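In: Okay, structure incoming, though there's no sequence with it:
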């Protein structure tokens, strides 16, 4: 199931004008403090006192929600449990194994044995557990390779399930196991009580597999998983917890987790090369996110011949460039719209090892994020990469970073300290412009030049350690009234 990000949507002069206006207003607010002169021959005119520039409150006491309860539920299902006796089942025996056709026991927590009559249990037939409304939990062994349609129809008290098989071959959606006739009817057939699900096998979660399974709260994915399809968990509005996804995963489809309104965290491995548009759209309570890169796909992601031709002809931009901003994962169609899509709850973003560049506009106006962690191996930070990250409080770059683009940290008004790694050689113009709270900056000796307006508007800057600096541009320290020992 191959995914292809859409080619770049090129915005015209209107977007450019809007961005320019935003920057102009920002500069005007901080630097255009008018002077008011009182004529010497006037006895009646009162002097006007302008209000001082104030630094926004630094308080941010948000703490991540404790998810231990959900982890314990999943761990409990993973524990060894005693299987029910073969006499509790009706079954058919063939040379290849055993097919369970019915259940006549009374267990509320049912563990299906992995062998019956010394043969592996390989299948569960259609309607096998139909109408077993008292079942609270069912644990299916990894020996099972297929489950028939409506096998659990009417099991409306089911709260927990552990299974290697979660779809029927002829009906690739979870609800078919409970009697649904399409993915759209999942929500009406999958028990609303089913909150905990452990998937133990399978390489693919198909498109729409768990669409609108509203009862799910905690889902563990298998170590063998390589692909999560489009809309796979779309509308799982109570899904709160997914443990760290293992390193086989390469693809997460479009809007795969969209509408998971209670999801608290997501950790994807460095093996992922594609993340679909709006993958996390509507995840309004997300607090922490770990991703392998920022955007929709990696530069080496395979494209169709049509996409390649469009790029070669100049009719499109490689999707690794056109989607390279965090808001893309949350449904924003352009980086300038990120602020309207990013959840206000998002505290921490971690970029996994393997990433070598933070692209231009990657975290543009991600105003809710307090911590952004970059891996060793990142070499470049693009222009406006962290522009307007208003809650970012500190940044220490990996030693691998050599270059920072223009306006990279412009408007990070709560950032108090910055430390550049030992390989850093180049800063962009206006790198720290209007970082109102920035007090301490440490640059390595390899930085020899401070470009135009590099620290302009850093009202709190008191300490700059940059012993390698030999030259500087214009207005580097404009409005840095607390800094001593440096000339503007």
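Out: Now that the structure is in, tell me what you want to look at. Quick caveat, the model's predicted, so the values are computed rather than measured.
In: Strands of the stretch 351-488 of the chain, start to end?
Out: With DSSP state E, counting those that start in this stretch, the ranges of strands along the stretch 351-488 of the chain come out as 357-358, 371-373, 380-381, 394-396, 403-404, 417-419, 440-442, 449-450, 463-465, 471-472.
In: I misspoke; the intended subject was the stretch 1-150 of the chain.
Out: 89-93, 98-103, 109-111, 115-116, 119-124, 137-139, 146-147.
In: could those go into JSON lines alongside distance to residue 272?
Out: In this view, the C-beta of every residue, glycine as well, is placed from N, C-alpha and C. Below are the strands of the stretch 1-150 of the chain laid out as JSON lines (distance: least, CB to CB, whole Å):
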{"stretch": "strand 89-93", "distance to residue 272": "41"}
{"stretch": "strand 98-103", "distance to residue 272": "36"}
{"stretch": "strand 109-111", "distance to residue 272": "34"}
{"stretch": "strand 115-116", "distance to residue 272": "37"}
{"stretch": "strand 119-124", "distance to residue 272": "32"}
{"stretch": "strand 137-139", "distance to residue 272": "30"}
{"stretch": "strand 146-147", "distance to residue 272": "29"}
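In: Ok, which of the strands of the stretch 351-488 of the chain comes nearest residue 61?
Out: With distances scored as CB to CB, the stretch of the strands of the stretch 351-488 of the chain nearest to residue 61 is strand 371-373 (13.9 Å).
In: roughly how far out does that closest one sit from the chain middle?
Out: Here the centre of strand 371-373 is set off from its chain's centre by 13 Å, with CA atoms, centre = their mean, to the nearest Å.
In: and if you look at stretch 204-215?
Out: Relative to the chain's own centre, stretch 204-215 is displaced by 19 Å; criterion: CA atoms, centre = their mean.
In: Show the pLDDT at the spatially most central residue of the chain.
Out: A centroid search over the chain (CA atoms, centre = their mean) returns residue 289, at 4.3 Å, as the residue closest to the centre. On pLDDT, residue 289 comes in at 98.
In: And residue 25, by the same measure?
Out: At residue 25, the predicted lDDT confidence score is 40.
In: Residue 278 now?
Out: pLDDT, read off for residue 278, is 98.
In: mind checking the SS state of the closest residue in space to the residue nearest to the centre of the chain that isn't next to it in sequence?
Out: Distance criterion CB to CB, 6 or more residues apart in numbering; nearest residue to residue 289, sequence neighbours excluded, is residue 349 at 5.1 Å. Here residue 349 takes the strand state, with states given by DSSP: H, G, I helix; E, B strand; the rest coil.
In: Contact partners for residue 167?
Out: Listed by CB atoms under 8 Å, 6 or more residues apart in numbering, the contact partners of residue 167 are 173, 174, 176, 177, 206, 209.
In: Mind doing that once more with 10 Å?
Out: 146-147, 173-177, 183, 202, 204-206, 209-210 (CB atoms under 10 Å, 6 or more residues apart in numbering).
In: One more: residue 134?
Out: Residues near residue 134 by CB under 10 Å, 6+ apart: 106, 107, 108, 110, 155, 156, 157, 158.
In: same check, this time on residue 439
Out: Contacts for residue 439 (CB under 10 Å, 6+ apart) come out as 415-418, 458-464, 482-483.
In: Please tell me the pLDDT value assigned to the residue nearest to it when sequence neighbours are not counted.
Out: Leaving out its chain neighbours, the residue that sits closest to residue 439 by CB to CB, 6+ apart is residue 460, at 4.8 Å. Residue 460 carries a pLDDT value of 95.
In: just residue 60 next, same as before
Out: The model's pLDDT for residue 60 equals 84.
In: Also residue 155?
Out: If you check residue 155, the pLDDT there is 96.
In: Just say helix, strand or coil for the residue nearest to the centre of the chain.
Out: Here residue 289 is strand, with the state taken from three-state DSSP.
In: Show the contacting residues for it.
Out: Residue 289 sits next to 263, 265-268, 280, 283, 326, 329-330, 343, 346-351, 369 when contact means CB under 10 Å, 6+ apart.
In: cool, and residue 185?
Out: So residue 185 contacts 173, 175, 176, 178, 179, 211, 212 (CB under 10 Å, 6+ apart).
In: Surely it is in a helix?
Out: Yes - membership of residue 185 in a helix is supported by three-state DSSP.
In: For it, give its distance to residue 168.
Out: The spacing between residue 185 and residue 168, counted by CB to CB, to the nearest Å, is 14 Å.
In: next one: residue 60
Out: Between residue 60 and residue 168 the computed distance is 48 Å (CB to CB).
In: Between those two, point out the one with more neighbours.
Out: Counted by other CB atoms under 10 Å, residue 60 and residue 168 do not tie: residue 168 has more neighbours, with 19 against 12.
In: Might one say that that one is in contact with residue 125?
Out: No - using CB atoms under 10 Å, residue 168 makes no contact with residue 125, being 11.5 Å away.
In: Now do the contacts for the residue nearest to residue 150 when sequence neighbours are not counted.
Out: Distance criterion CB to CB, 6+ apart; nearest residue to residue 150, sequence neighbours excluded, is residue 179 at 4.7 Å. For residue 179, the contacting residues are 127, 130, 149-155, 185, 188-190, by CB under 10 Å, 6+ apart.
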